[in-house]
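> what follows is a predicted structure for the sequence shown.
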Amino acid sequence: MAKAPTTTPYDIDLDRNPANFQPLTPLGFLERAASVFPDHVAIIHGPLRRTYAEFYARARRLASALEKAGVRRGDTVSVLLANTPPALECAYGVPMTQGVLNTLNTRLDAAIIAFSLDHANAKVVVTDREFSKTMKDALALCKVKPIVIDYDDPEYGGDGERLGAIDYEAFVASGDPDYAWSMPDDEWDAITLNYTSGTTGDPKGVVYHHRGAHLLAVGNIVTCNMAKHPVYLWTLPMFHCNGWCFPWSISVVAGP
């Protein structure tokens with residue numbers, strides 16, 4: 001059998017360029033939804049309603065504020081949040097800076113959280129007042145000294161304290177809604193970092209890349225036969241495998 005040529009006509013003058021290639025990433029899902037369905041409701045939380053235009057602007061504000069705070073490519077932003085609007089905003093805003101989102105399990109103890117913060121070398125922590133007891137103890141145990149941003153969920157009426165000097169809403173408001181966010185340099189770049197629960201030793205870190213997050217987000221729509229504008233009830237914790245990538249999937253089909 002004749003040996004196949006090492007170069008064919010299809011290998012000549014058909015290189016990748018901006019007109020025919022861009023890295024796979026879920027970040028464009030929100031940009032598209034805000035462009036095509038700007039007035040459609042994107043987030044429902046208690047009486048709160050936010051449209052896709054507002055969601056996109058807030059994610060960009062968050063990214064801008066994080067960049068001002070020093071977050072750069074490969075920096076980890078850890079969050080201890082329930083299924084609240086900031087959890088969705090962080091799913092986009094953090095990787096818009098080329099940073100890496102680390103969603104922490106709200107059910108774990110302070111020692112495990114502290115280990116994860118150290119292992120991730122967390123530069124910023126966003127923490128819900130509801131989990132302030134655990135996070136306060138974790139911050140006392142860990143070696144890293146991240147910027148601490150407090151979120152006070154209006155739907156939570158229980159005990160808890162503010163741990164940092166920065167309020168989440170004020171932090172977001174300090175950012176630019178027209179921030180020119182960054183695509184990943186490579187679709188293999190990390191987008192999120194997740195940890196196991198540490199039941200058989202120290203937690204193990206698992207990294208998602210932009211390509212994988214994009215593909216799974218689209219695959220969810222096919223697997224679940226999701227139509228346009230579904231209303232998705234967030235029962236799956238967004239800290240668990242990044243909500244199986246549904247925070248990005250829902251933007252593809254422009255649902256709340």
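Right, received. Where do you want to start?

> what about residue 206, which SS state?
strand (DSSP: H, G, I helix; E, B strand; the rest coil).

> the closest residue to it other than its chain neighbours and residue 19, how far apart?
In space, and not counting its chain neighbours, residue 206 is closest to residue 194: 4.9 Å by CB to CB, 6 or more residues apart in numbering. No exception for glycine: its C-beta is placed from N, CA and C like everyone else's. According to CB to CB, to the nearest Å, residue 194 stands 35 Å off from residue 19.

> pLDDT below threshold where in this protein?
1-2, 4-5 (pLDDT under 70).

> can you give me the helices in it?
Counting by DSSP state H, the chain has these helices, from start to end: 27-36, 52-68, 85-93, 110-120, 132-141, 168-173, 210-223, 241-244, 246-252.

> would you format the ones you listed as JSON lines with distance to residue 100 and mean neighbour count included?
JSON lines is the format used below for the helices of the chain (distance: least, CB to CB, whole Å; neighbours: other CB atoms under 10 Å):
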{"stretch": "helix 27-36", "distance to residue 100": "13", "mean neighbour count": "19"}
{"stretch": "helix 52-68", "distance to residue 100": "11", "mean neighbour count": "23"}
{"stretch": "helix 85-93", "distance to residue 100": "11", "mean neighbour count": "26"}
{"stretch": "helix 110-120", "distance to residue 100": "8", "mean neighbour count": "20"}
{"stretch": "helix 132-141", "distance to residue 100": "19", "mean neighbour count": "19"}
{"stretch": "helix 168-173", "distance to residue 100": "19", "mean neighbour count": "18"}
{"stretch": "helix 210-223", "distance to residue 100": "11", "mean neighbour count": "18"}
{"stretch": "helix 241-244", "distance to residue 100": "11", "mean neighbour count": "20"}
{"stretch": "helix 246-252", "distance to residue 100": "15", "mean neighbour count": "25"}
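
> closest one to residue 151 among these?
Among the helices of the chain, the nearest to residue 151 by CB to CB is helix 168-173 (4.1 Å).

> which residues sit against that closest one?
Applying CB atoms under 8 Å, 6 or more residues apart in numbering, the contact partners of helix 168-173 are 58, 61-62, 65, 86, 89, 126, 149-152.

> contacting residues around the most centrally placed residue in the chain?
With the centre of the chain defined as its mean C-alpha position, the nearest residue by CA atoms, centre = their mean is residue 91, 1.9 Å away. By CB under 8 Å, 6+ apart, the residues touching residue 91 are 101, 238, 242, 247-248.

> for residue 43, state which of these is nearest.
The nearest one, if we look at these relative to residue 43 and count by CB to CB, is residue 247, at 10.7 Å.

> name the nearest residue to the closest one, ignoring sequence neighbours.
residue 91 (4.2 Å).

> from residue 14, how far off is the one you found?
The gap separating residue 91 from residue 14 is 35 Å, by CB to CB.

> now residue 256
Residue 256 is 42 Å from residue 14, by CB to CB.

> repeat for residue 111
For residue 111, the distance to residue 14 (CB to CB) stands at 54 Å.

> surely residue 37 meets residue 255?
No: the criterion here is CB atoms under 8 Å, and residue 37 misses it with residue 255 at 9.7 Å.

> list the contacts for residue 21?
Taking CB under 8 Å, 6+ apart as the definition, residue 21 has no contacts.

> from residue 227, how far off is the nearest residue to residue 226 once chain neighbours are set aside?
Counting by CB to CB, 6+ apart, the nearest residue to residue 226 once its immediate chain neighbours are dropped is residue 253, at 5.4 Å. Per CB to CB, residue 253 is found 7 Å from residue 227.

> between these two, point out the one with more neighbours.
Shown here are residue 253 and residue 227; by other CB atoms under 10 Å, residue 253 has more neighbours (18 against 9).

> quick revisit: ok, residue 256 and residue 14, which is more surrounded?
Counted by other CB under 10 Å, residue 256 and residue 14 do not tie: residue 256 has more neighbours, with 19 against 9.

> who's in contact with that one?
Shown in contact with residue 256 (CB under 8 Å, 6+ apart): 40-44, 231-232, 250.
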